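heads up, no residue letters with this:
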């Protein structure tokens, strides 16, 4: 076993269930054993990857964690890729990082096969790597580079941000203490895993704590000449409700009222420059997208019975706060929720790009431990959220 603290802690929870997904479950021991086999396959007889960049394009779940840990155990730098990234974006990430290996799954293999050939990157299927016999793995110091995440690319092309094992451990320790993680916690996972919120704040913190992760399959990736993220909203909602009701000993939840509307928004300066008098005025403009809602523009257009706009450029962010801020700073046009963004319109930081609004049945959930039910801060937060959701124009 390497001296990566996260993995050492996992060994002490060997028989504990780490991941639930649908009807399947895996223990911490399963992850360690699988990652050992995949690490051996990555090494291919060498002693150490010596911080070579290993990219992986995988759906969330057991295999995702096993591959990430395998890269670390083999001495590589893990480089998670966005499932919604376009081919030019993937080419930039891979070439800029100097990736030497890309690990993917069968459904996504056709999407990156030609790209890897062109960039001379070894393309491996995760399913083909589990037959290797675990061998001697290198000792990994905490000062080694561990992970490379790419920024959203608002101001220029996305940049790779490198974190060492020491950096990641410091982040995790701080969050575990601040959020009071416990081994009996069980958290739903639906955030994208190529950004810090998903891969560190949720996944790594849970696994550090000996807790369990419930992978909610909000969408599945498929490739049929182009990448499609296929959403199953009913299963996602049902899965979240089932998770909360089944594990009420660690969490409570209730559904708030639905978001009232979605609308297009931009800065006053952008509105003045481009007018946006009709739907076609969006063609060729920069559109801003939430990573967790990659089809928001298509869904918005479908609800209005119009063709989706033909973006000149697309900026993707992993939080709604970043989406709204980018729109307010004039970087493009975004789809935002009303009344959640009401204050931005009231302050004048945002204006409507177009006047049309789309109704939605989207729901939000608040979750908290039963013993926190009487905390004044929790009560006041919930009251504030409910009041905000009741607002309308």
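Good, I have the coordinates. Small disclaimer: the values here were computed from a predicted structure and weren't measured. Numbers count the residues shown, from 1 in each chain.

Which parts of the stretch 151-300 of the chain are strands?
With DSSP state E, counting those that start in this stretch, the ranges of strands along the stretch 151-300 of the chain come out as 160-164, 186-189, 212-215, 219-223, 227-231, 252-255, 261-266, 286-290.

mean pLDDT lowest for which of these?
Here those differ in mean pLDDT, and the lowest is strand 227-231 at a mean of 39.

Break this structure into its domains for me.
For the chain, automatic domain parsing gives the domain ranges 5-237, 251-393.

in this structure, what spans have low per-residue confidence?
Applying pLDDT under 70 to the chain flags the ranges 1-2, 154-155, 217-260, 360-370, 388-393.

what helix or strand is residue 26 on?
Using DSSP states H and E, residue 26 sits in strand 24-27.

Neighbouring strands - and their directions - for that strand?
strand 17-21 (antiparallel) (DSSP bridges).

so how far is residue 308 from residue 63?
Distance, residue 63 to residue 308, by CB to CB, to the nearest Å: 32 Å. All C-beta spots, glycine's among them, are computed from the backbone N, C-alpha and C.

With neighbour numbers in mind, choose between those two.
For residue 63 versus residue 308, neighbours defined as other CB atoms under 10 Å are more numerous around residue 63 (23 against 18).

contacting residues for that one?
Residue 63 is in contact with 34, 105, 126-127, counting by CB atoms under 8 Å, 6 or more residues apart in numbering.

can you pull up the bridge partners for residue 17?
Going by DSSP bridges, residue 17 is paired in beta bridges with residue 27.

Isn't it up against residue 25?
Yes - under the criterion of CB atoms under 8 Å, residue 17 makes contact with residue 25 at 5.1 Å.

Checking my notes, residue 68 in a helix, right?
Yes - using DSSP: H, G, I helix; E, B strand; the rest coil, the assignment for residue 68 is a helix.

one step back: what's the spacing between the strand holding residue 26 and its chain's center?
Computed by CA atoms, centre = their mean, to the nearest Å, the chain-centroid distance of strand 24-27 equals 21 Å.

what's next to it, contact-wise?
Identification of contacts with strand 24-27 by CB under 8 Å, 6+ apart yields 14-19, 62.

So which of those residues wins on neighbours?
residue 19 (26 neighbours).

In contact with that residue: list those residues for me.
Taking CB under 8 Å, 6+ apart, we find residue 19 in contact with 25-26, 31, 61-62, 65, 212-213, 215.

Quick check on these: which are buried?
Among the contacts of residue 19, the ones that count as buried by 16 or more other CB atoms under 10 Å are 26, 31, 61-62, 65, 212-213, 215.

Just the closest of those residues to residue 169, please.
Nearest to residue 169, judged by CB to CB, of these is residue 65 at 16.7 Å.

now that closest one: how far from residue 31?
With distances taken as CB to CB, residue 65 is found 6 Å from residue 31.
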